[in-house]
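Colleague: sharing a model prediction with you, sequence too.
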Amino acid sequence: MTTSAPPRPPQSPDRPKRRRGDRIFAGSATGAGIFILVVLAGVAVFLVAESWPAVVAPAEDVSGGEGLTSYITPLIFGTLLASVIALVIATPLAVAIALFITNYAPRRLAAGLGYVIDLLAAIPSIVYGFWGIFALAPALVPFYAWAERNLGFIPLFAGPASATGRTMLTAGIVLAVMILPIISAISREVFSQAPALHREAALALGATRWEMIRMAVLPYGKSGIIGGAMLGLGRALGETLAIALVLSASGGITFNLISNSNPSTIAANIALQFPESTGLQVNTLIASGLALFVITLAVNMLARWVVTRRADFSGAN
Amino acid sequence: MSQTVSPPRTDHPDLPGPVRTRRRLPRYAATGLYLAGLLLGAVLSALSGFNPALTVIYGVAIGTVAVYAASRAVEGTRKATDRLVTCIVVTAFGIAVVPLVWLSYTVLDRGLTRLDGTFFSNSMVGVVGEGGGAYHAIMGTLIITALAAVISVPIGLLTAIYLVEYGSGRLKRAITFFVDVMTGIPSIVAGLFAFALFTLLFGNDVRLGVMGAVALSVLMIPVVVRSSEEVLKLVPNELREASYALGVPKWRTVVKVVLPTAIAGLGTGVTLSIARVVGETAPLLVTVGLITSTNLNPFDGRMATLPVFAYYQLTQPGTATQAFLDRAWTAALVLIILVMALNVVARLISRFFAPQTGR
């Protein structure tokens, strides 16, 4: 304790004394910060260390018997496909919801409505999986049958339509619901920061509400939307249990969204295989996890960069 | 362009030109048309055998088109576009609410079957059919989450203090950036990290409760840092300066002035971060595993946790499938209740422990 410290020889009067308590406290605070960097580096290091045996193993020993690359490639494809579907569905919806809450809803209701959307983020991923497999998938079966009959000429809907509804499209829709809150939260934030003067000026010049939004709000929030969408993509890429439950996976690369045979995703594949795996299989799964880590890391860094770039140049904060 | 500089229009009531915008639909016409469209959609859907989804799809499409057409005929293109966008935006919000309501209804409907005393008092030892409960899983979830909080809160809070009170220059920017990046780590990767770490330390096939806590901490720390940082930034600088002026050292200022002022926000942030990880399944699946009996020691072997319990009840039902499904849904319901309760607690904290100082 500084108060009980013995009197020290006077130092130069200009420089304030650095007390021991201060040093300890500042040191531990800095240490905690550095520890976080170490943890992040540690995640990478330990994943590399544990996946190394699979990287150097002969091709025929790796699960699937054709080497690590051909094991992981369909998984990466499935991960990207599911995430892109989710993004395509969720982004327009999320932007529209953010516009509704910031610019259309009655001022008094807006906060409450925003909270309703945030509730979607609070629901655990496994519950989404339950809902997807027991409620959403059966409800989509008639639609898939219809899509096969009427849209079958598009390769995406080539069929044969799944009778259980556990398809790539269902997985994408579940993912879209899950990433909706994060995209809409970030869009909402940037939309509400759009300068009031610009908006009022547009309205004063006789613009309709939509014209005001198009001229004053959307250009201002564009990078926020992009950043939010990419954060949503990062979330979608790593989503595990919902996909593991909903998607009926059988490997292989296909763009067919409504059939029973789909490529699995990295995260779902790990969750499904890991508990029963031993030895080199574990290393292989960790290697695929490392690939996922690298992909999400890249996406998230890009997203953060886009978002902070906006923050630097906006006058709002 | 003579009209723009002309005196107010009341003097020239029959001027031509952009006055077209003054013709407006009656106040409730748009809403009325939209509802009429919905009704028509219901009729159309009833013709081909009633179907709620089709009703809404037809109704929304017809309603939107009706509003657009009417507005375009009466008010002109610009106003019509505006109304069209209003329709779309409101519909989008409606679409987002559908899964929330649907999901809540499904979970309540199926989960209430087994929400009884046995579920909270029994474990799964020796249960092959009906009966049994999730006592062991609930305790496991509470213990592992508490352990994760014990690891994450000090680290997260100290990092936030560093960022707000001490940090400067490149290290601060690096930590801020990587904490942001860390929020995006997939939960399964956090689980694999804990697995890899403990495998290297203790050898193969190790499964401990504390591994799950470490994995959850990786997910929880960045959330704690972010929320605490935001809250600490809100503490007015005058308080710190007043404290320094009285000769109080910096660390005592932080502990005695800054933290108490921000305590409500910190409590809210920590509670929300717990809510964020309590439902995580994937990291626990690969690190903690599952057992049927009660294990309350996170440093000794596998434990049961609620999300993993729900997952295995669903995916590996025994011969009495329905009993397993019922338990899975009830576990999901309890999980949602847990998360929602934590959210409510967070709100209550921010309401009742609001800073005493005026800002």
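Modeller: That came through fine.
Colleague: CA-only coordinates of stretch B:209-226, as CSV, when you get a sec.
Modeller: In CSV, the C-alpha atoms belonging to stretch B:209-226 read as follows (Å, rounded to 0.1, in the frame of the first residue of the first chain):
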residue,chain,number,x,y,z
GLY,B,209,-14.9,-29.1,-17.0
VAL,B,210,-12.2,-26.4,-16.7
MET,B,211,-11.4,-27.0,-20.4
GLY,B,212,-14.9,-25.8,-21.2
ALA,B,213,-14.5,-22.8,-18.9
VAL,B,214,-11.2,-21.9,-20.8
ALA,B,215,-13.0,-22.2,-24.1
LEU,B,216,-15.9,-20.0,-22.9
SER,B,217,-13.4,-17.5,-21.6
VAL,B,218,-11.9,-17.0,-25.0
LEU,B,219,-15.4,-16.1,-26.2
MET,B,220,-16.3,-14.1,-23.1
ILE,B,221,-13.2,-11.9,-22.6
PRO,B,222,-13.7,-9.7,-25.7
VAL,B,223,-17.3,-9.1,-24.8
VAL,B,224,-16.4,-8.0,-21.3
VAL,B,225,-13.6,-5.8,-22.6
ARG,B,226,-15.8,-4.1,-25.2
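Colleague: just how off-centre is that stretch within its chain?
Modeller: 17 Å (CA atoms, centre = their mean, to the nearest Å).
Colleague: pLDDT on it, on average?
Modeller: The pLDDT scores in stretch B:209-226 average 94.
Colleague: tell me if that stretch is near chain A.
Modeller: Yes. Stretch B:209-226 comes into contact with chain A (CB under 8 Å from any CB of the partner chain), by way of B:218, B:221, B:222, B:225. For glycine as for every other residue, the C-beta is placed from the backbone atoms N, C-alpha and C.
Colleague: what about the longest helix along chain A, distance to the chain center?
Modeller: Ranked by residue count under DSSP state H, the longest helix found in chain A is helix A:20-56. How far helix A:20-56 lies from its chain's middle: 23 Å, per CA atoms, centre = their mean.
Colleague: show me the strands in chain A, by range?
Modeller: In chain order, chain A shows no strands, with DSSP state E as the criterion.
Colleague: mind listing the helices for it?
Modeller: Using DSSP H, helices in chain A cover A:20-56, A:68-99, A:107-122, A:125-131, A:137-151, A:168-193, A:196-204, A:209-212, A:218-238, A:241-246, A:266-273, A:280-313.
Colleague: let me see the contact set for the residue nearest to the spatial centre of chain A.
Modeller: The geometric centre of chain A, computed from its C-alpha atoms, lies nearest to residue A:235 (CA atoms, centre = their mean), at 1.5 Å. Contacts for residue A:235 (CB atoms under 8 Å, 6 or more residues apart in numbering or on different chains) come out as A:178, A:179, A:182, B:184.
Colleague: for the first one, give me the pLDDT.
Modeller: The one in question is residue A:178. pLDDT, read off for residue A:178, is 94.
Colleague: contacts only, for the residue lying closest to it once chain neighbours are set aside.
Modeller: Leaving aside its chain neighbours, residue A:178 sits nearest to residue A:128 (5.8 Å; criterion: CB to CB, 6 or more residues apart in numbering or on different chains). Neighbouring residues of residue A:128 by CB under 8 Å, 6+ apart: A:174, A:177, A:178, A:241, A:242, B:103.
Colleague: residue B:307 contacts residue B:280, doesn't it?
Modeller: Yes. At 6.7 Å, residue B:307 counts as touching residue B:280 under the criterion of CB atoms under 8 Å.
Colleague: name the residues contacting each of these two.
Modeller: residue A:124.
Colleague: what does the average pLDDT come to for the helix or strand where residue B:179 lies?
Modeller: Using DSSP states H and E, residue B:179 sits within helix B:169-182. For helix B:169-182, mean pLDDT rounds to 89.
Colleague: ditto for stretch B:36-56
Modeller: pLDDT averaged over stretch B:36-56 gives 80.
Colleague: what does it contact?
Modeller: By CB under 8 Å, 6+ apart, the residues outside stretch B:36-56 that reach it are A:139, B:57, B:58, B:59, B:60, B:61, B:62, B:63, B:64, B:65, B:66, B:67.
Colleague: do the same with stretch B:108-119
Modeller: Taking CB under 8 Å, 6+ apart as the rule, stretch B:108-119 contacts A:134, B:131-135, B:325-327, B:329-330, B:332-334.
Colleague: which of those residues sit farthest apart?
Modeller: Farthest-apart pair in the contacts of stretch B:108-119 is A:134 and B:135; separation 25.0 Å (CB to CB).
Colleague: quick one on the thing from earlier: per-residue confidence for the residue nearest to the centre of chain A?
Modeller: 89.
Colleague: could I get the residues of stretch B:209-226 next to chain A as a markdown table with neighbour count?
Modeller: Listed next are the residues of stretch B:209-226 next to chain A as a markdown table, based on neighbours: other CB atoms under 10 Å in any protein chain shown:
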| residue | neighbour count |
| --- | --- |
| B:218 | 27 |
| B:221 | 28 |
| B:222 | 24 |
| B:225 | 31 |
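Colleague: residue of the stretch 1-150 of chain A nearest chain B, please.
Modeller: residue A:124 (2.6 Å; CB to the nearest CB).
Colleague: ok, the residue nearest to residue A:135 when sequence neighbours are not counted - contacts?
Modeller: Spatial nearest neighbour of residue A:135, excluding adjacent residues (CB to CB, 6+ apart): residue B:106 at 4.7 Å. Taking CB under 8 Å, 6+ apart, we find residue B:106 in contact with A:130, A:131, A:134, A:135.
Colleague: from those residues, which would you call buried?
Modeller: For the contacts of residue B:106, a burial check counting by 16 or more other CB atoms under 10 Å in any protein chain shown picks out A:130, A:131, A:134, A:135.
Colleague: show me the shaky parts of the stretch 51-200 of chain B.
Modeller: Across the stretch 51-200 of chain B, nothing is flagged by pLDDT under 70.
Colleague: residues of stretch B:219-235 that come out buried?
Modeller: Neighbour-count burial for stretch B:219-235 [16+ other CB under 10 Å]: B:219-229, B:231-232, B:235.
Colleague: what do you get for stretch A:174-184?
Modeller: Under 16+ other CB under 10 Å, the buried positions of stretch A:174-184 are A:174, A:175, A:176, A:177, A:178, A:179, A:180, A:181, A:182, A:183, A:184.
Colleague: kindly report the same for stretch A:47-66.
Modeller: Buried, per 16+ other CB under 10 Å, within stretch A:47-66: A:47, A:50, A:51, A:53, A:54, A:57, A:62, A:63.
Colleague: pull up the distance across it, start to finish.
Modeller: Its start and end residues considered, stretch A:47-66 measures 22 Å (CA to CA, to the nearest Å).
Colleague: that one: how far from the chain's middle?
Modeller: 28 Å.
Colleague: got the contact list for that stretch?
Modeller: Residues contacting stretch A:47-66 (CB under 8 Å, 6+ apart): A:67-68, A:70-71, A:273, A:280-284, A:286-287, A:289-290, A:293, B:189, B:192-193, B:195-196, B:199-200.
Colleague: let's see 6 Å
Modeller: Outside stretch A:47-66, the residues within contact range by CB atoms under 6 Å, 6 or more residues apart in numbering or on different chains are A:67, A:68, A:71, A:280, A:281, A:283, A:284, A:286, A:287, A:290, B:196.
Colleague: what about the strands in chain B?
Modeller: According to DSSP E, chain B contains no strands.
Colleague: centroid residue for it?
Modeller: A centroid search over chain B (CA atoms, centre = their mean) returns residue B:276, at 7.2 Å, as the residue closest to the centre.
Colleague: give me the nearest residue to that one, chain neighbours excluded.
Modeller: residue B:223 (5.5 Å).
Colleague: let me know the angle separating the longest helix belonging to chain B from helix A:137-151.
Modeller: In chain B, assigned by DSSP H, the helix with the most residues is helix B:77-111. On the basis of axes from the mean of the first three to the mean of the last three CA atoms, to 10 degrees, helix B:77-111 is oriented at 140 degrees to helix A:137-151.
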